[in-house]
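>>> Everything below, folded, please.
(chains A and B)
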Amino acid sequence: MRTIVAASAVLILAVLPVAAPWLQFVLTLAIAKGFAALGVAVLLRAGLISIGHAMFFAASAYGVAFLARAGINDLGLLLILSVLAAALLGAIAGLFLVRYRAIFFAMLNLAVSMVFYALCAKLYSVTGGTDGMTVPVPAVFGVVLGEPTFKSVLFYISLALMLLVGLAIQRYLNSPLGHALAAVHSNEIRLEYLGIPVWAVLLVAYVVSAALAGLGGAIAGFAIGRVVPDFAFWTASGHLVLIAVLGGIGGVPGAFIGALFLELLHSVAVTVTDAWNLIVGLTLIVVIMFLPQGFYGLFSRKEASSL
Amino acid sequence: MTFKGISIVVARCLSSFDLLCRLDRGLPQSNLRLVVDGLVGALAIGVVATTPAAAQEKPSSLGLGIFTFTSGPAAAYGMPGKNAADLMIDEINAKGGIEGVPVSATYVDEAQGAQGVIAEYRRLAGDAKNQVMIAALSSANCLALAPLAEQLEVPTVGWNCDTHQLLMDGKSKYVFRPNGNTVPEFIAYAIYLLERKPDVKTVAIINPDYAFGHDAAKIFTAALKALKPDVEIVAELYPKLGSPNYQTEISRLTTVRPDVVFSNLWGADLENFVRQATPRGLFASSQVVLALGETVLQRVPLPDGVIVGVLGDGWWMSPDAGANPETVKFGGAYKARFGEYPVFPSIKMANTLIYVKAAYKAAMQKNGGKWPTRAELADAMKGSTVATLTGTAQTRADNDGLVDQIVGVTVKTPAQQFPVIGDMVRYKGDSLMPQAGQDPLAWIATLNPEFAKSLPKPGSYK
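Alright, predicted model coming up:
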């Protein structure tokens, strides 16, 4: 039952760009943001709100641009290396950030990400400042593609990754390490007394979430073809938290549902009026008021009753 | 059209949600219906989206995608552009449109950032009715859209973005910029300044903290150093874009006491800066150069003798503009409709629309009166020379435009309530541009005082 819904959703996603080619970019971007929001959602399970995950998103996108400048020109290699770079950055930042909780965690993440943003915007000779850096079209497993073909390939690779990574994260969240996150949220001290190192649990979660944001950032970098410091701005981080909350943190699909909803809503709203921010904002208020568990809440509630 | 399809899908999905929420939602039929609905909807979009528009026949209307800031702080600069486009399109349509086809514009708000701008560009480009994109205001957005324009083969005319990086590789087939770039724009100020104040020793720079501000500082400094090597830059300040408060910067500038303060602040930032700097005597103690000063002439009382200009030739009151009845009419109509006279972003937009119109005319002359394709339009833009409201826009082989540069100082006039530009000079567009493919900064370094002597003098443009 659940597999049918999931499979049909993915099938619809796969068919949509064939029908409306411009949607392909919007959907690729939505999936990319979905990865990053999933990273935020992982930490939300432990009750930790990060208003700084756009840093990892941007770091990985910049990573792609720098690696491409250095002569690496293979999609797979670029993806892996840039995600590793984001994970490494996550490990370094996580080392001290996971000691903090609640507002302190949120604010410190924000602070660190804004330092990163300032560096990207100010180091003109290195990052090109606010004009950013180009991300060239890489070869895919040795095959050199034209730009339109590459964008299609990128979309379907993202879609496949969404399934694979989604399943992997599902496994992680259902493992003892994943369940420990919820335990951190409910009673951290008890967890310590049970002999589980909270610090390690959170560090692993932090690195995983940074890597997820990094994967999203790399895909977004390829899709847009340009990296700008705005990727790391705090509003982008807030956007990711919003997507995570909107989609619901009850399950992995939530983040992707939230991202798809928000991107499509945005696309529709900007075509209607200059006051598109108003439409987006009002819709968000409605969703948050009437669906406190996010869109995923709709599905999981259904699950419970069909048992 | 595509959106009609999408709304069908959205509506269907919503009705499916209703099914999901009902008590019997476990039934397989409802799931099946969800899947079928989705697929049917997707196919419906496909049919709608892929219906080809008949090429070469005159369409019922011509779509233009116009990218500008319509929200956020940059709208101070973007809205005059949009207003001018509205007015110009109405004027074009009143005369029967472009080659008999009425024009309709779709505006895209650049404030949504590069991602949203790219998504909108792709959507508009997917509709064959939209033959030309007028994009964009922000240099970052122009740089992001340029590869897309080449890939989708849509003629894209940069109406305002100035960055000299845009067309540097010289390979563009579909990206055009019929106005100046940062290199001639800011060299012009260095030359004018040294003509007017030859003994300048110390210069301070206060520019907005993003690429435009940093590029301008680099070019202006390089030009000054080349023309007068003993000039010293005593302060370089980069306040954040959209700062409400410039007191710290003004304190710094008044304590350093430079001979000259150069700034390319714009919009509300510039208004704030002028309002806060005037009472503190900055305009009295230093010669101030406001590169985008013309945009605030009607809004804040600038003292006399401030060097201002229009980043090109787009001043609606210049002698050339005054001699052109079209321009005078445009200025009057703009004032009547929007309560203010046009500022140079308005003129840049109006000139860009004239440029597009001329391209249609040229393309149709060339192919024997048939409605041109996108490729034929781009071909017509290449190497073209177009008479605009305020001068001529000549397109080089690398698709970059050559326009003249007007610089002057603020003076009072009995004819207007606000200061106007006097003691003007009009530098020829090609005299301040490096050759196509030449590194701009290397070229600036080759300039020398003799070069400046060969150019017209302040006050020569009357």
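
>>> in the helix or strand B:Ala85 falls within, what counts as buried?
Assigned by DSSP states H and E, B:Ala85 belongs to helix B:75-94. Applying a neighbour-count criterion of 16 or more other CB atoms under 10 Å in any protein chain shown, one finds B:75-89, B:92 buried in helix B:75-94. Every C-beta, even on glycine, is put in place using the N, C-alpha and C of the backbone.

>>> same thing with stretch B:167-174?
B:167-168, B:172, B:174.

>>> low pLDDT regions in chain A?
For chain A, the stretches flagged by pLDDT under 70 are A:1, A:300-307.

>>> Pick the one among the buried residues of stretch B:167-174 closest to A:Ala54.
B:Met168 (29.8 Å; CB to CB).

>>> State whether the closest one is indeed within a strand.
No: read with DSSP: H, G, I helix; E, B strand; the rest coil, B:Met168 is coil and lies in no strand.

>>> Read off the pLDDT value for it.
Confidence at B:Met168, expressed as pLDDT, is 79.

>>> go on, B:Ser16?
On pLDDT, B:Ser16 comes in at 47.

>>> With A:Trp276 as the reference, measure out to B:Ala217.
34 Å (CB to CB, to the nearest Å).

>>> quick one: secondary structure of the residue most central in space within chain B?
The centroid of chain B falls nearest to B:Asn160 when counting by CA atoms, centre = their mean (1.3 Å). Per three-state DSSP, the local secondary structure of B:Asn160 is coil.

>>> Wait, it touches B:Asn179, no?
Yes: the pair B:Asn160 / B:Asn179 is scored as a contact, 7.2 Å apart, by CB atoms under 8 Å.

>>> Mind listing the shared neighbours of those two?
B:Lys348 (CB atoms under 8 Å, 6 or more residues apart in numbering or on different chains).

>>> so how many other residues sit close to B:Gly383?
11 (other CB atoms under 10 Å in any protein chain shown).

>>> and it, backbone torsions?
The phi and psi values for B:Gly383, taken as degrees, to the nearest 10, are phi 70, psi 10.

>>> How about the contacts made by it?
Taking CB under 8 Å, 6+ apart, one finds B:395-397 in contact with B:Gly383.

>>> returning to that earlier point: show the contacting residues for the closest residue to the residue nearest to the centre of chain B other than its chain neighbours.
Nearest residue to B:Asn160, sequence neighbours excluded (CB to CB, 6 or more residues apart in numbering or on different chains): B:Leu137, at 4.6 Å. By CB under 8 Å, 6+ apart, B:Leu137 lies in contact with B:67-69, B:74, B:77-78, B:81, B:110, B:159-161, B:345.

>>> Distance to B:Lys428 and pLDDT added to those residues, as CSV?
Converted to CSV, the contacts of B:Leu137 look like this (distance: CB to CB, whole Å; pLDDT from 0 to 100):
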residue, distance to B:Lys428, pLDDT
B:Phe67, 30, 93
B:Thr68, 29, 92
B:Phe69, 31, 91
B:Ala74, 31, 86
B:Tyr77, 26, 87
B:Gly78, 29, 90
B:Gly81, 26, 92
B:Glu110, 31, 89
B:Trp159, 22, 90
B:Asn160, 21, 89
B:Cys161, 22, 86
B:Pro345, 23, 91
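
>>> how many other residues sit next to the residue in chain A positioned nearest to chain B?
Going by CB to the nearest CB, chain B is nearest to A:Ala19 of chain A, at 3.4 Å. Using other CB under 10 Å, A:Ala19 is surrounded by 24 other residues.

>>> and it, how far is that from A:Leu13?
Distance from A:Ala19 to A:Leu13, by CB to CB: 11 Å.

>>> Number of residues surrounding B:Ile444?
Around B:Ile444 there are 24 other residues, counting by other CB under 10 Å.

>>> Which secondary structure state does it sit in?
Assignment for B:Ile444 (three-state DSSP): helix.

>>> Report the secondary structure element holding the closest residue to it other than its chain neighbours.
Spatial nearest neighbour of B:Ile444, chain neighbours left out: B:Ala222 (4.5 Å); criterion: CB to CB, 6+ apart. With elements taken from DSSP H and E, the one containing B:Ala222 is helix B:211-227.

>>> Could you point out the helix or strand that follows that helix?
strand B:232-237.

>>> by contact count, what packs against that next one?
Applying 3 or more CB pairs under 8 Å, 6 or more residues apart in numbering or on different chains; DSSP states H and E, we find strand B:232-237 packed against strand B:202-206, helix B:211-227, helix B:247-256.

>>> what are the pairing partners of it, and which direction each?
strand B:202-206 (parallel) (DSSP bridges).
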